[in-house]
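Student: Starting from these lines, generate the structure:
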Amino acid sequence: MSRSRMPLVLGLGAAGGIGYYLYSAGGNAKAAEAKFESDADRVAAKIKGKLPGDSPNAEKEFKKYGEEAGAKLDKAWADADREAGKLKSNAESYAKDAKGETLKAIDKFDRKVEDGAAKAKSGVSGWFGGSSK
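Tutor: Sure thing, here's the model as predicted:
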C-alpha cells in the first residue's frame, strides 16, 4: 500500500518558509514574524485588489451588468411569449379544422344511416302490404 507524500511536501515547504524568514531577519524570531505578517498582508491586499467589485465604480459596473442581464431576460421572455402565442394560434386553428372535418364525417355517416333506414323501412313495409311514404 502506498502512502501519500503530501504531508512530507507540506512539512518541507513550511520548514523552508520558516527558515527563509528566520534567515532574512538575522535569526530574530520577532522580526521574522513581523516580516511574515507584512508579506501576508501585502499578498492579501494584492489578491483583494484583483477581485471584482473592489474598484470605485464597482457599484455602477454591477448595476450596468444587472440592467443588461435584465434586458436580455426580458427579451427572452418576450420572445418565448410570442412563440407561445403563435403555437397557441396554430393549435387552435388545427383543432378548429379537425372539428370541422369530424363534423362533416359524422354528417356523412348520419346520411348513410338514414338512407339505409329508409330503404329498410320501405322493404319491410313492402312485406306487409303497406306503402312507403
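
Student: Any regions of the chain where pLDDT drops low?
Tutor: 1, 52-56, 124-133 (pLDDT under 70).

Student: May I ask you to name the longest helix in it?
Tutor: With secondary structure taken from DSSP state H, the chain has its longest helix at helix 58-127.

Student: before we move on, which element is residue 4 in?
Tutor: Per DSSP states H and E, residue 4 falls between elements, in no helix or strand.

Student: do the same with residue 26
Tutor: Short version, using DSSP H and E: residue 26 is in no helix or strand.

Student: ok, it to residue 32 distance?
Tutor: Residue 26 sits 9 Å away from residue 32, going by Cβ to Cβ, to the nearest Å. Yep, even glycine has a C-beta here, placed from its N, CA and C like the rest.

Student: who's more crowded, these two?
Tutor: Set residue 26 next to residue 32 and count neighbours by other Cβ atoms under 10 Å: residue 32 wins out with 19 against 8.

Student: gap between the more buried one and residue 74?
Tutor: Distance from residue 32 to residue 74, by Cβ to Cβ: 58 Å.

Student: do the same with residue 94
Tutor: 30 Å.

Student: Residue 98 too?
Tutor: Counting by Cβ to Cβ, the separation of residue 98 from residue 74 is 36 Å.

Student: Repeat that for residue 100.
Tutor: In terms of Cβ to Cβ, residue 100 sits 39 Å off from residue 74.

Student: now do residue 43
Tutor: From residue 43 to residue 74 the distance is 43 Å (Cβ to Cβ).

Student: what do you get for residue 65?
Tutor: 15 Å.

Student: again with residue 81
Tutor: Taking Cβ to Cβ, one finds residue 81 at 10 Å from residue 74.

Student: Then residue 38?
Tutor: Counting by Cβ to Cβ, the gap from residue 38 to residue 74 is 50 Å.

Student: And residue 58, by the same measure?
Tutor: 24 Å.

Student: same check, this time on residue 111
Tutor: In terms of Cβ to Cβ, residue 111 sits 56 Å off from residue 74.

Student: then the helix or strand where residue 38 lies to PDB, C-alphas only?
Tutor: Counting by DSSP H and E, the element that carries residue 38 is helix 29-50. Output in PDB follows, covering the C-alpha atoms of helix 29-50 (Å, rounded to 0.1, in the frame of the first residue of the first chain):
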ATOM      1  CA  ALA A  29      12.100  35.400  15.700                       C
ATOM      2  CA  LYS A  30      10.100  38.600  16.400                       C
ATOM      3  CA  ALA A  31      11.500  40.300  13.300                       C
ATOM      4  CA  ALA A  32      10.800  37.200  11.200                       C
ATOM      5  CA  GLU A  33       7.200  37.100  12.400                       C
ATOM      6  CA  ALA A  34       6.700  40.800  11.600                       C
ATOM      7  CA  LYS A  35       8.200  40.300   8.100                       C
ATOM      8  CA  PHE A  36       5.900  37.300   7.600                       C
ATOM      9  CA  GLU A  37       2.800  39.200   8.700                       C
ATOM     10  CA  SER A  38       3.900  42.200   6.400                       C
ATOM     11  CA  ASP A  39       4.200  39.900   3.400                       C
ATOM     12  CA  ALA A  40       1.000  38.100   4.200                       C
ATOM     13  CA  ASP A  41      -0.900  41.400   4.400                       C
ATOM     14  CA  ARG A  42       0.700  42.600   1.100                       C
ATOM     15  CA  VAL A  43      -0.300  39.400  -0.600                       C
ATOM     16  CA  ALA A  44      -3.900  39.600   0.800                       C
ATOM     17  CA  ALA A  45      -4.200  43.200  -0.400                       C
ATOM     18  CA  LYS A  46      -3.000  42.300  -3.800                       C
ATOM     19  CA  ILE A  47      -5.500  39.400  -4.100                       C
ATOM     20  CA  LYS A  48      -8.300  41.700  -2.900                       C
ATOM     21  CA  GLY A  49      -7.300  44.200  -5.500                       C
ATOM     22  CA  LYS A  50      -7.800  41.600  -8.200                       C
END
